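Asker: let me see the structure of the following:
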Amino acid sequence: MTGRAHSIAAACVAAALTFAPLPARASTLAEPAGEDAPAGEDAETLSAQAVDAFKQRDFDGAIALFNRAYELDPQPNFLFNIGRVYEEKGDLENAIKYYQQFVKQPGVDLEARETALSHLKVLRQTLEELKGDEKPTTGDPAGTTTDQPEPVDSKAAAKKRKLRIAGYSLLGVGGGTLVIGAVFGGLAIAKSRDAEDAPLVDDTLTLRQEAKSRANVADGLIITGAVLAATGLILVLVTLGKGKRSTKKTAFAPSFAPSHVGLSLTGRF
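Answerer: From the prediction side, this is the model:
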């Protein structure tokens, strides 16, 4: 709670002291003063002394004086003032404790209760944020797993893993496509043989047309499968490479020709 002007803090405490006191009653809410109050002391005098101590930033002295005043005259306003002093002192847990005690008291002024509730809301949020900031961000000797900054290289490694997975997927799809293409090629050959054995010219022409269609499908599937498989192989080989780069630059590229489909290796120095 540091950083607030002392005059504003003192004004808040002074304002709290003007609330109407409740009938005197025994209370266990406030901290004990530790000894019986000397004869002749009264709550009003002790409260004034507490305000003076607060203005001089003697927070412990102000808290002790407000506690003694509360013992003599247990009015809720003293609880608010003790919470306010703890707040200014930076003891958020005790400030919350006394503000909570204050708002639970019967007969508390509505505006004062709303003020205390507003303080409680801010203090609780601040306390939660401070506790969150205290969480360790590095490993401890016991080996407890804690949050650590992600290494820069891990992003590159994650990218490589994705590319490798994509490469294996393309290899699988390409291989499957090649198999299907081979099946259609076999069917085309079978139809071509049937055409040669057909007794009628019309049957021969029909079978030859079917064989040609299946051959075209087979060619398309085989070429597509080869491209997919080659691309997948390239991705896998690239991502499996070592981190160090040699001075020699190499690259794989698919090659196509009427008689074959394959990979070509190119390099430069």
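Asker: mean confidence for stretch 211-229?
Answerer: Throughout stretch 211-229, pLDDT has a mean value of 90.
Asker: ok, now stretch 69-87?
Answerer: pLDDT averaged over stretch 69-87 gives 94.
Asker: can you check stretch 132-151 too?
Answerer: Computed over stretch 132-151, the average pLDDT equals 54.
Asker: check the gap between the nearest residue to residue 169 once chain neighbours are set aside and residue 172 for me.
Answerer: Counting by CB to CB, 6 or more residues apart in numbering, residue 232 is the residue found nearest to residue 169 once chain neighbours are left out, at 6.9 Å. In short, each C-beta sits where N, CA and C put it, glycine included. Distance, residue 232 to residue 172, by CB to CB, to the nearest Å: 8 Å.
Asker: please, which helix or strand holds the nearest residue to residue 54 once chain neighbours are set aside?
Answerer: Nearest residue to residue 54, sequence neighbours excluded (CB to CB, 6+ apart): residue 62, at 4.2 Å. Counting by DSSP states H and E, the element that carries residue 62 is helix 59-72.
Asker: run through the neighbouring helices and strands of that helix.
Answerer: Under the contact criterion of 3 or more CB pairs under 8 Å, 6 or more residues apart in numbering; DSSP states H and E, helix 59-72 touches helix 43-55, helix 76-89.
Asker: any chance of the ones you listed in TSV with distance to residue 186 as columns?
Answerer: Listed next are the helices and strands packed on helix 59-72 as TSV, based on distance: least, CB to CB, whole Å:
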stretch	distance to residue 186
helix 43-55	98
helix 76-89	87
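Asker: between residue 232 and residue 172, point out the one with more neighbours.
Answerer: Of the pair residue 232 and residue 172, residue 232 is the one with more neighbours under other CB atoms under 10 Å, namely 21 against 13.
Asker: can you tell me the SS state at the more buried one?
Answerer: Per DSSP: H, G, I helix; E, B strand; the rest coil, the secondary structure class of residue 232 is helix.
Asker: for it, what are its contacts?
Answerer: 166, 167, 168, 169, 170, 171, 172, 173, 174 (CB atoms under 8 Å, 6 or more residues apart in numbering).
Asker: what ranges do the strands span in this structure?
Answerer: All strands of the chain, identified by DSSP state E, fall at 249-257, 260-268.
Asker: mind giving me the packing neighbours of the helix ranked longest in the chain?
Answerer: Secondary structure of the chain read by DSSP state H shows that its longest helix is helix 152-197. Packing partners of helix 152-197 (3+ CB pairs under 8 Å, 6+ apart): helix 201-239.
Asker: how far off helix 152-197 does the helix it packs on point, in degrees?
Answerer: Counting by axes from the mean of the first three to the mean of the last three CA atoms, to 10 degrees, helix 201-239 points 160 degrees away from the direction of helix 152-197.
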